[in-house]
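Engineer: one predicted model, sequence on top.
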Amino acid sequence: MSRASDAPAVPRKILRQLAKIAKVPIALHPPFFHGVNLAVREAHRLSNVKKLQPHTAAEIVAVLTHVMHAALALRNELLRMQPESREINRDTIAGRFLRSVMLSTNQNETNKMVTDRTQLGFTGHLTNLEILAHQANEAARQARMSMKRKGRPKGTSGKVGFEMFVRLLWITAATTGERLTAYKSAHSDAGWEGSLLQAVDLLRPYLQATAFFQQPK
């Protein structure tokens, strides 16, 4: 039985070729490279699994939408707690305690957990939560568009490890560069062409041939 730890690391040279195929900007190479190696590891880990429960676009969008609503809800809570408010109620009193902790934390230079982001105070956190809500909403929109059935890779029936590999590879490219494609072609001996097939061919040496590909008779 293969394990994720048995999966070989994909060489940087191959990763760069894959990034070029997927048109991944240089700034996004690190998450793309990580995603490709993750796809290979998962393929090895699932090589003996018989059935895989697919994730739908609606499920992914639901998670991102929940994050957006949670960020907005927390922002609204902080707005009610504004310590500068002239109103004195339980929210503003709680806000003053929170502001006090923020200030004392910022002044503690020995606290290694303190970063520039945690030193923003109420206004900074409100802004960050607004940005997070916007980003989660945009991510949901992209997931909804990217995971439409049209052009979505379906993997290889009966080979769960390979199916997960294809799915993760496709998602990694779609979230850092451009969607990998696979389409029928009368000009190809295999009957198919596209950037997804190019990527799979590059990574073929790092997958288990007996588990992922049809063997010649």
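Structural biologist: Here it is on my side, so go on. Residues are numbered from 1 along each chain as shown.
Engineer: tell me the domain ranges of this structure?
Structural biologist: Following automatic domain parsing, one finds the domains of the chain at 4-52+149-212, 60-140.
Engineer: shaky segments in this structure?
Structural biologist: Applying pLDDT under 70 to the chain flags the ranges 1-6, 48-54, 105-120, 146-161, 184-192, 209-217.
Engineer: please redo it, this time with the cut-off set to 50
Structural biologist: Counting by pLDDT under 50, the ranges of the chain that qualify are 1, 109-110, 112-119, 149-157, 214-217.
Engineer: residue boundaries of the helices in it?
Structural biologist: Secondary structure of the chain (DSSP state H): helices at 12-21, 29-45, 57-80, 90-107, 121-146, 160-176, 195-203, 209-212.
Engineer: including distance to residue 182 and mean neighbour count, could these go into JSON lines?
Structural biologist: C-beta here means a position set from N, CA and C on the backbone, and glycine is covered the same way. Below are the helices of the chain laid out as JSON lines (distance: least, Cβ to Cβ, whole Å; neighbours: other Cβ atoms under 10 Å):
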{"stretch": "helix 12-21", "distance to residue 182": "13", "mean neighbour count": "16"}
{"stretch": "helix 29-45", "distance to residue 182": "16", "mean neighbour count": "19"}
{"stretch": "helix 57-80", "distance to residue 182": "18", "mean neighbour count": "15"}
{"stretch": "helix 90-107", "distance to residue 182": "51", "mean neighbour count": "14"}
{"stretch": "helix 121-146", "distance to residue 182": "14", "mean neighbour count": "15"}
{"stretch": "helix 160-176", "distance to residue 182": "9", "mean neighbour count": "22"}
{"stretch": "helix 195-203", "distance to residue 182": "4", "mean neighbour count": "19"}
{"stretch": "helix 209-212", "distance to residue 182": "16", "mean neighbour count": "14"}
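Engineer: dump those helices to JSON lines, plus distance to residue 183.
Structural biologist: Formatted as JSON lines, those follow (distance: least, Cβ to Cβ, whole Å):
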{"stretch": "helix 12-21", "distance to residue 183": "15"}
{"stretch": "helix 29-45", "distance to residue 183": "21"}
{"stretch": "helix 57-80", "distance to residue 183": "20"}
{"stretch": "helix 90-107", "distance to residue 183": "54"}
{"stretch": "helix 121-146", "distance to residue 183": "16"}
{"stretch": "helix 160-176", "distance to residue 183": "14"}
{"stretch": "helix 195-203", "distance to residue 183": "9"}
{"stretch": "helix 209-212", "distance to residue 183": "21"}
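Engineer: residue 197 against residue 183, yeah?
Structural biologist: No: if you go by Cβ atoms under 8 Å, residue 197 and residue 183 don't touch, sitting 9.4 Å apart.
Engineer: residue contacts, residue 36?
Structural biologist: 10, 15, 18, 169, 172, 203 (Cβ atoms under 8 Å, 6 or more residues apart in numbering).
Engineer: nearest to residue 60 among those residues?
Structural biologist: residue 172 (14.0 Å; Cβ to Cβ).
Engineer: skipping adjacent residues, who's closest to that closest one in space?
Structural biologist: Distance criterion Cβ to Cβ, 6 or more residues apart in numbering; nearest residue to residue 172, sequence neighbours excluded, is residue 35 at 3.1 Å.
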